[in-house]
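>>> I would like the atomic coordinates for the input below:
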Amino acid sequence: SSTEHTCWINSLHPEQTNWQTMLHALAELYAGGQVVDWKQFGRAFAGQKVPTPTYPFQRHRYWIDPPARPAAPIPIAGNQVHPLLGRRFHAAAEPDLLLFEGWLSNDHPDYLSEHRIVGTAVLPATAYVEMALAAGREVGSIEKPLTVLENLTIKQPMQFLSGVTRIVQLAVKSSESVVQVELHSADGDAQNGVSPLWTLHATAELSPGSPAGPASTTLDEAQLRCTESVTLDGFYDQLKRFGLEYGPQFRGLRQLRRGDREVLGQVTLPEESGEEQKSYLVFPPLLDAVLHTTIELVDPATKNGQTTQGTFVPVGVDRIELFGPAGSDVWSHARLRKTSQQEETDQYVIDIDVFDPSGKLVVRLEGLRAQRIELGMLMPSESDAAQRPPRDDVPPPRNVADQLNGLSLAEQRQQIAEFLEEEVV
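Numbering: from 1, shown residues only. Predicted structure coming up:
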């Protein structure tokens, strides 16, 4: 019958661009004996006809091997001032501008692969804090250290696709009144001779610190007020439902207690982070786990009493002050501001005091702004998604066209009906 010669060809494919799919379909038609007007097809392309050699091909290889990528993430060895900042240099055309440049990827530093939002590695907000404070240490003096970070605003998340390196530049510009900080990044795999497209991720200001003033509440007072114990069984599995995926180095929350619009949590770094965190002022996974205590103050799954597919992410901090080394074991006392207008603006404002085990205040965060964002807004673009590694919990796409080839017309109809019932209904 005529159905024996029917061939189903894909016109859309989840792992190919539309152009690739259509070219593949055209090739299948030609291989199947169909007549293709190649002259008409080639009109869209520049070029001219050339005669082919009249003798057998000699098979000489003239491909240029791409240069091997440097194993070290920092272009200039021995000049690294910080694991995230990279090297330090001045801009000749602008003497007041100090630059730091480094290379980051989803596995350098290794903990970046453990901080994911909707499956994509994303630079944690606490890394912005660390980078700015570390730059302040380089810029400031012993007599006047820049240990206060103000008006931190995260404008665009920094995402890392598998196997893609990003050039990261932090610019510090000093004036008589303020020290401004800007963080940019660009694709590190851009072709030679092509100007990189820079993305502005965050802005902030640095200023000198002051002796540690009294915390709004001491650690002892917070322990007396926050008495309701919160179970942490399945805590990080629950966060994964909100699109927040954390690896072992970020799972530092050990205990959590709740009070009236306030929580107290103990955070301890895992042993494998011990050596690495010595290179930081405040190790980003530690400070990130400090922020995890605030989840108990907000409800990512609910908006105006309705269940939503959203989550809360930090978008800025009014003021952060570093009073001393945080170490690997701290207490986080987080308080939800009474003036926080979360119902109207989808934004919470939280203050956090971080204490060492002796009760000494080591870090203070004032006006941490957590913004509700729908999960769909955090998904990478279509081109990015094509480069993401496959996930074990997502079944591979079905190639329906291949399944239909070779079947009779009645069998094809039955197969299509079963597919629609499984995938659409």
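>>> Quick one: end-to-end length of stretch 336-349, please.
Counting by CA to CA, to the nearest Å, the length from the leading to the trailing residue of stretch 336-349 is 6 Å.
>>> model confidence over it, on average?
This predicted structure assigns stretch 336-349 an average pLDDT of 70.
>>> swap in stretch 17-32?
Averaged over stretch 17-32, pLDDT sits at 85.
>>> and if you look at stretch 183-193?
On average, the pLDDT along stretch 183-193 is 79.
>>> Then stretch 262-276?
Along stretch 262-276, the predicted local confidence has a mean pLDDT of 88.
>>> Okay, buried residues for it please.
Within stretch 262-276, the residues scored as buried using 16 or more other CB atoms under 10 Å are 262-269, 273, 276. (Each C-beta comes from the backbone N, C-alpha and C, glycine too.)
>>> Adding distance to Thr227 and secondary structure, write those out as TSV.
Putting those into TSV (distance: CB to CB, whole Å; DSSP: H, G, I helix; E, B strand; the rest coil) gives the following:
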residue	distance to Thr227	secondary structure
Glu262	11	strand
Val263	11	strand
Leu264	9	strand
Gly265	14	strand
Gln266	14	strand
Val267	19	strand
Thr268	21	strand
Leu269	26	coil
Ser273	30	helix
Glu276	35	helix
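>>> between the residues you listed, which is nearest Gln223?
When these are compared for distance to Gln223 (CB to CB), Leu264 comes out closest, at 6.4 Å.
>>> For Leu152, see how far away that closest one is.
Leu264 sits 24 Å away from Leu152, taking CB to CB, to the nearest Å as the criterion.
>>> what's the answer for Arg372, then?
Here Arg372 is placed at a distance of 19 Å from Leu152 (CB to CB).
>>> between these two, who's got more neighbours?
Neighbours per residue, other CB atoms under 10 Å: of Arg372 and Leu152, the larger number sits with Leu152, 26 against 19.
>>> from what I can see that one touches Ile320, true?
Yes. With contacts defined as CB atoms under 8 Å, Leu152 counts as touching Ile320 at a distance of 6.9 Å.
>>> Where does the prediction get shaky in this structure?
Filtered on pLDDT under 70, the chain yields the residue ranges 1-5, 46, 52-61, 65-78, 190-193, 211-215, 299-309, 339-345, 375-425.
>>> Let me see the contact set for the residue nearest to the spatial centre of it.
Nearest to the mean C-alpha position of the chain, counting by CA atoms, centre = their mean, stands Val122 at 1.0 Å. Counting by CB atoms under 8 Å, 6 or more residues apart in numbering, Val122 touches 115-116, 157-160.
>>> same question, Leu97
With contacts defined as CB under 8 Å, 6+ apart, the neighbours of Leu97 are 90-91, 171-173.
>>> Mind telling me what element it is part of?
Take DSSP states H and E as the rule and Leu97 turns out to sit in strand 94-104.
>>> Relative to that strand, what are the paired strands and their orientations?
Strand 94-104 has these partner strands in its sheet, going by DSSP bridges: strand 86-91 (antiparallel), strand 166-174 (antiparallel).
>>> Remind me what the following helix or strand past it packs against, helices and strands.
Helices and strands here follow DSSP H and E; after strand 94-104, the next one along the chain is strand 115-117. On a contact count with 3 or more CB pairs under 8 Å, 6 or more residues apart in numbering; DSSP states H and E, strand 115-117 meets strand 120-122, strand 244-246.
>>> Same list, the ones you listed, but as JSON lines with distance to His82 please.
Putting the helices and strands packed on strand 115-117 into JSON lines (distance: least, CB to CB, whole Å) gives the following:
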{"stretch": "strand 120-122", "distance to His82": "20"}
{"stretch": "strand 244-246", "distance to His82": "23"}
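>>> if we compare these, which one ends up closest to Gly316?
Set against Gly316 and scored by CB to CB, these come closest in strand 120-122, at 16.0 Å.
>>> what does the helix or strand following the closest one contact?
Downstream of strand 120-122, the next assigned helix or strand under DSSP H and E is helix 125-139. Contact with helix 125-139 is made by 81-82, 84-85, 88, 98, 100, 145-147, 149, 152, 154, 170, 172, 174, 179, 181, 183, 201-202, 204, 206, 280-285, 287-288, 291, 313-314, 317, 320, 322, as judged by CB under 8 Å, 6+ apart.
>>> Filter the residues you listed down to the buried ones, PyMOL style.
Here is the PyMOL command that selects the buried residues among the contacts of helix 125-139 (16+ other CB under 10 Å):
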select buried, resi 81+82+84+85+88+98+100+145+146+147+149+152+154+170+172+179+181+183+201+202+204+206+280+281+282+283+284+285+287+288+291+313+314+317+320+322
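>>> Now intersect the contacts of helix 125-139 with the strands, please.
If you go by DSSP state E, these have 81-82, 88, 98, 100, 149, 152, 154, 170, 172, 174, 179, 181, 183, 201-202, 204, 206, 313-314, 317, 320, 322 in strands.
>>> hmm, back to that, please state the offset of the strand holding Leu97 from the chain centre?
The offset between the C-alpha centroid of strand 94-104 and the centroid of the whole chain comes to 22 Å, using CA atoms, centre = their mean, to the nearest Å.
>>> Tell me the buried residues in that strand?
Of the residues in strand 94-104, those with enough neighbours to count as buried (16+ other CB under 10 Å) are 98-104.
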